[in-house]
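Enquirer: Can you look at this prediction? I've put the sequence above it.
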Amino acid sequence: MRLPLPVLVLASIAVLFFALPLAGLVWRAPWSHAWEYLTDDATVTALRLSLICSLWATVLSVVFGVPLAWVLARVEFRGRSVVRALCTLSMVLPPVVGGVALFFALGRRGIVGQYLDQWFGIRLPFSTAGVVVAQTFVAMPFLVITVEAALRQLDLRFDDASRTLGASRWYTFRRVTLPAIRPALAAGAVLAWARALGEFGATITFAGNFPGTTQTLPLQVYLSLETNPEQAIVLALLLIAISFAVLVGLRDRWFGRGVSPGEVA
Amino acid sequence: MSLSAVIGLQLGTLTLDVDLEVRAGEVLALLGPNGAGKSTTLRCLAGLAPVDTGRIVVDDVVLDDPSADVFVEPEHRSVGVVFQSYLLFERMTVLENVAYGLRARRVPKAEARRRAGDWLERVGLGGYADQRAGALSGGQAQRAALARALATDPRVLLLDEPLAALDAGTRGTVRRDLRGHLETFDGMCVMVTHDPVDAYALADRVAILDGGRVVQVGTLAEVTAHPRSRYVADLVGVNLVSGTVADGVLTTPSGARVVIADAPPGPSFAVIRPHSIALVREVVATSARNTWPGTIAGVDRLGDRVRVTVDGALPLVAEITVAALDALGLRPGDEVHASVKATDIEVYAA
C-alpha cells in the first residue's frame, strides 16, 4: 500500500510532538554528573520510598481490584455502570482533586478519618501510609478495567464444566479463571504500578512533601526544579525510562489484543 | 436406584415441561430438534439451571425441589457431564483434566493422578497423559472428556451430543467405544442427540422432546413402529438394522440379507426410511434389489398416511398413503412383500 502523503505528514508531526520533549531532556541532561545526582542521599531516599509505596499500592490494587473486576464483570445488578464509573473516576480526575477528596474523607476531620483517629489513632495524611492510599486511589482503576475486560472475554461454560466436576467456586477461580486472565492481570498490575510510581498530585495534596516519609521521586523532581534543575532533568529521565520500559514491555497486551480466544481455557 | 425428574422451567420463549425416569444401568436418549429443550434438561439435571417447579431425585436423594426449598449445587451432585464441545481445560495436560474432579474433591495428588491415568488407559489415551488438552484431535478430546466425567464415579452421566462434533470417519469408532463404556457404567445415563442412529446404537430407551415437552417415551423399536405423531414419525420413525457388511450385502444376526450400495465391510447399521419401502402382494419384476416376505402386524394411521408394521425375518415399518392401503386392501395378518432399492439405504459403520 502506498502511504497517503498528508496522513504521513500529520502522523510524523504527532510523533515529533511526543519525541521532542524527550529529546529536550536528553540534550540538556548533565551526563557527566548524572551518576552523582542519581546516587545522592535525597534521591536514593526518594527512590526507595517511591518503590516501596508503589509496590504496596500495586498489592492493594490487586487484592481489592480483582474482586471488584469480578463483580463488575460477572454480577448483574442495578447501577452497575454507575459503580464502574465511580471506581474508574480517578483515572480522569485531576489528581489534585482526588487528593483533596481523600483529605476530606480520610483526613483528621474527614468523614471516616476522624474515627480512624479517635478509635485507632490512625492518621493517614502526611504519612507514608497516606502516600500508599493516594497512589492506590489513582492506580487501581487501571487494574480493574484491564482485568474486567479479560473476565468478560472468558467462556463461562468452562466454569460450568468445572462445577460439574465437583469444584467449588473458589477452586474454579483458582484453577480455571485465574490462569486464563493471568496475562491481563499481569498487564493491569504493571500499569497500576507505573501509574502509582508516577503519582504526584494526589500525593502532594493528601500526604504532603516530607523527605523520607512522603517525598517520592516525582515530588523531588518538582522541588529540585527550583533548587537544582540539572538534578530535576536526571530524575525526570529516570522516571521516563521506567515508564517507557513498562509500555514497551506490555506492547500489544494493553493495546487492544487483550486475551486471545486461544488462551482462554 | 434411579433418577426421576419432573422439570418445569421458563427460559426465554422456551417452556420446559419434562418428566423423566431412568433406572440404574439404563441409557435414556433425549431426541429432538434444536430448541426443543434437550440441553436445558441436561443443565437442570446437572444443577447448572435450577428448576422453577418440579423435583429431581437421584437414588432417593432430592437434588432440586423449589417447593421444599431444596437445591443441591452442581459441585455437590454426583453427576458427570460430557459437554457438546467437550470443554476440556486447554491449558492443562490431558491427565490434569481427568484428575481435576478428583483434586477438586480433595483426593491426594498422587492418588488422583494414578486414578486419572487408569481412566486414560481405559479410554485408549494412555500415551497422551502429558499432552496439552488443546492439542488433542476431536475423537481424542471426546474420549478425554468422557474419562474426565467418569473419573469421579458419578451416579448420573449426562452426555450432550457426544458425537455431533466429530467427522464421519472417527464417529463410527468413537460411537462403538462409547457404547462399550456405557455398557459397563452402572449408574443412570441421559444422552442428548438429534441423530436416531446414535440413539439406536447407544440408548436403551428414547424420550422424544418437542417444544419443551416429552411427546413420546419408549424403546426406539416401539417409537419407530408406533409413533404417536407425524412429528415423531419424521424424526425417528426409521428402520434401523444392524449386521455385518460383506460384498455389498448386510447380513443381520437373524440371517436376513439386505443388499446395499457400496459400503466398507464390517459391523454396520443400515437406515431404511419407511417411505422408501414399497409393499406388494405378489413378487414382481422390479429394479429394487431387496424384496422381503412378511406378515402385516399392525396398521397405524397418521393423517393421510399409514405406517404398516411388517413382521418377518427382517421386521420393518413401511409408510404408504391411505389410498395405496385401500387399493391393496391390506389388513393385519395379510402376507406381503416389502421391497426397497439398494440406493435408498444409508449405511453407517458400527
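Expert: Cool, the structure landed.

Enquirer: Is B:Ala29 part of a helix or strand, or is it coil?
Expert: strand (DSSP: H, G, I helix; E, B strand; the rest coil).

Enquirer: List the beta-bridge partners for it.
Expert: Beta-bridge partners for B:Ala29, by DSSP bridges, are B:Met191, B:Val206.

Enquirer: contacting residues for it?
Expert: Shown in contact with B:Ala29 (CB atoms under 8 Å, 6 or more residues apart in numbering or on different chains): B:Met191, B:Val192, B:Thr193, B:Asp198, B:Ala199, B:Leu202, B:Ala203, B:Arg205, B:Val206, B:Ala207, B:Leu220. Yep, even glycine has a C-beta here, placed from its N, CA and C like the rest.

Enquirer: again with B:Arg301
Expert: B:Val322.

Enquirer: That one belongs to a helix?
Expert: No - going by three-state DSSP, the assignment for B:Arg301 is strand, not a helix.

Enquirer: B:Glu222 versus that one, what's the distance?
Expert: Distance, B:Arg301 to B:Glu222, by CB to CB, to the nearest Å: 17 Å.

Enquirer: what do you get for B:Pro66?
Expert: Applying CB to CB to B:Pro66 and B:Glu222 gives a distance of 33 Å.

Enquirer: ditto for B:Thr251
Expert: Relative to B:Glu222, B:Thr251 is positioned 25 Å away (CB to CB).

Enquirer: Closest to chain A out of the contacts of B:Ala29?
Expert: Closest approach to chain A among the contacts of B:Ala29 (CB to the nearest CB): B:Val192, at 14.6 Å.

Enquirer: So the closest one sits against B:Lys38, correct?
Expert: Yes - contact between B:Val192 and B:Lys38 holds when scored by CB atoms under 8 Å: they sit 4.2 Å apart.

Enquirer: Which element, helix or strand, includes the residue most central in space within chain A?
Expert: Ranked by distance to the mean C-alpha position of chain A (CA atoms, centre = their mean), the top residue is A:Ala192 at 2.5 Å. A:Ala192 is part of helix A:178-197, with elements assigned from DSSP states H and E.

Enquirer: and that helix, anywhere near chain B?
Expert: Yes - under the criterion of CB under 8 Å from any CB of the partner chain, chain B is reached by helix A:178-197 at A:Pro179, A:Ala180.

Enquirer: where in the stretch 151-300 of chain B is pLDDT low?
Expert: Along the stretch 151-300 of chain B, segments meeting pLDDT under 70 are nowhere present.

Enquirer: That one against chain A: which residues are in contact?
Expert: Proximity of the stretch 151-300 of chain B to chain A, by CB under 8 Å from any CB, involves residues B:Thr152.

Enquirer: In the stretch 151-300 of chain B, which residue sits closest to chain A?
Expert: Residue nearest to chain A within the stretch 151-300 of chain B (CB to the nearest CB): B:Thr152, separated by 6.0 Å.

Enquirer: Same question for that residue, what's its three-state structure.
Expert: Assignment for B:Thr152 (three-state DSSP): coil.

Enquirer: I'd say it and A:Thr164 touch.
Expert: No - using CB under 8 Å, B:Thr152 is not in contact with A:Thr164, being 9.4 Å away.

Enquirer: Show me which of the two is the more surrounded one.
Expert: The neighbour comparison of B:Thr152 against A:Thr164 (other CB atoms under 10 Å in any protein chain shown) goes to A:Thr164, with 27 against 20.
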